[in-house]
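**Q** model the following, please.
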Amino acid sequence: MDDDLICVGVITGAFGVRGEARVKSFCANPEDLEAYAPLSSEDGRSFSLVLTRQVKGGFAARLGGVETKEEADALKGVQLFAPRDRLPSLPDDEYYHADLIGLEVLDTGGAVLGHVKSVQNHGAADLLEIHGPGLKATVLLPFTLTAVPTVDLDAGRIIADPPDGLF
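**A** Sure thing, here's the model as predicted:
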């Protein structure tokens, strides 16, 4: 996937029988998803997008080229990407998940803990999934100022102060 594309949403299936799709937004302001259109998929397809109404779990939306319920259902799980230059710039203490994936994670003493494999969020807060050669399994590190005091995108690293016993 192109580093200049940021995942801003996902199609979760059809909504109704007239070709609308149910779309989940990953934007800080969920309705901003429409402003970033046209959106693209991982396989290079491009979709115009018009949000028609808010529904449980996201929005009902009209996608360009999607006319039937079956076509909308066939897109279930397709992630939607917007070019980074269409997205707002972030304050110094906020990051796009795509910018964190792959960063090296060091402890406050400089020892390598691993690399960020993914960013998870199960409702309460973001968690960094850390993997590395010295780990038996991936470790979920809370992405809080206490546990992650420094993120240095230019140097490609994160300085972590994990809770005792996590690593």
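**Q** switch to C-alpha atoms for all contacts and neighbour counts from now on
**A** Noted.
**Q** from the contact counts, what lies against the helix-or-strand element of the chain with minimal mean pLDDT?
**A** When each helix and strand of the chain is scored by mean pLDDT, DSSP states H and E, helix 97-100 comes last, with a mean of 89. Packing contacts for helix 97-100, counted by 3 or more C-alpha pairs under 8 Å, 6 or more residues apart in numbering; DSSP states H and E, involve strand 112-121.
**Q** centre of the chain to the strand it packs on, how far?
**A** With C-alpha atoms, centre = their mean, to the nearest Å as the basis, strand 112-121 stands 14 Å off its chain's centre.
**Q** just list the residues touching the spatially closest residue to residue 22 that is not a sequence neighbour, thanks.
**A** Closest residue to residue 22 apart from its sequence neighbours, by C-alpha to C-alpha, 6 or more residues apart in numbering: residue 60 at 4.7 Å. Counting by C-alpha atoms under 8 Å, 6 or more residues apart in numbering, residue 60 makes contact with 15, 20, 21, 22, 23, 51, 52, 53, 54.
**Q** list the beta-bridge partners for the fourth one.
**A** Here residue 22 shows beta-bridge partners residue 13, residue 60, assigned using DSSP bridges.
**Q** kindly export stretch 48-61 (C-alpha atoms) in PDB.
**A** The C-alpha coordinates for stretch 48-61 follow below in PDB (Å, rounded to 0.1, in the frame of the first residue of the first chain):
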ATOM      1  CA  SER A  48     -17.100   8.700  -4.900                       C
ATOM      2  CA  LEU A  49     -18.900   8.700  -1.600                       C
ATOM      3  CA  VAL A  50     -22.000  10.600  -0.300                       C
ATOM      4  CA  LEU A  51     -23.200  10.000   3.200                       C
ATOM      5  CA  THR A  52     -27.000   9.700   3.200                       C
ATOM      6  CA  ARG A  53     -27.700   9.300   6.900                       C
ATOM      7  CA  GLN A  54     -26.300   8.100  10.200                       C
ATOM      8  CA  VAL A  55     -27.100   4.400  11.100                       C
ATOM      9  CA  LYS A  56     -26.100   2.000  13.800                       C
ATOM     10  CA  GLY A  57     -22.300   1.400  13.500                       C
ATOM     11  CA  GLY A  58     -21.600   4.200  11.000                       C
ATOM     12  CA  PHE A  59     -23.300   5.700   8.000                       C
ATOM     13  CA  ALA A  60     -25.400   4.700   5.100                       C
ATOM     14  CA  ALA A  61     -23.600   5.900   1.900                       C
END
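**Q** perfect, that will be all.
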